[in-house]
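In: Sequence first, predicted coordinates after that:
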Amino acid sequence: MSVAENYAIVCLDAVPDTIQAQMLKSSLELTGKSVIPISFAQMNQFAGNMLEVRDKNGKAVLLMSSTAFHSLDTGQITEIEKHVRIAHIAIPTIETLGGGSLRCMLAGIQIPRKGE
């Protein structure tokens, strides 16, 4: 799952209880987020292993691996691009040997800059 400012990318099928899956979706929607579902196959291609960051101009960018990007269908990409620009990079060695993907290689800083 990847939770960003205005959307969440989530594999609801990974939640075994359908009532809990619906509760998760509803909870995300109650926070004003658009829920973009992904499949098990996409999850296994690291489609949930993404991170929204800000570029030097303060614009949102969704970082992901090329494996994750190429697992998404056109509709999912279109929905994501309503919220953010996508940037992807090929990291097959990390994904094959490391067992993780792009988000595992990054650290988020959640504190505001001075003066904000």
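Out: Perfect, I can see it now.
In: The residue lying closest to I91 once chain neighbours are set aside pairs with what?
Out: The shortest distance from I91 to any non-neighbouring residue, by Cβ to Cβ, 6 or more residues apart in numbering, is to S65 (5.1 Å). Glycine gets a C-beta too; all of them are placed from N, C-alpha and C. S65 has these beta-bridge partners by DSSP bridges: I89.
In: Neighbours of S65, how many?
Out: 25 (other Cβ atoms under 10 Å).
In: And for R103?
Out: For R103, using other Cβ under 10 Å, the count is 19.
In: what's the answer for A41, then?
Out: Using other Cβ under 10 Å, A41 has 11 neighbouring residues.
In: Kindly report the same for E52.
Out: 21.
In: Could you verify that it is part of a helix?
Out: No: counting by DSSP: H, G, I helix; E, B strand; the rest coil, E52 is located in no helix; its state is strand.
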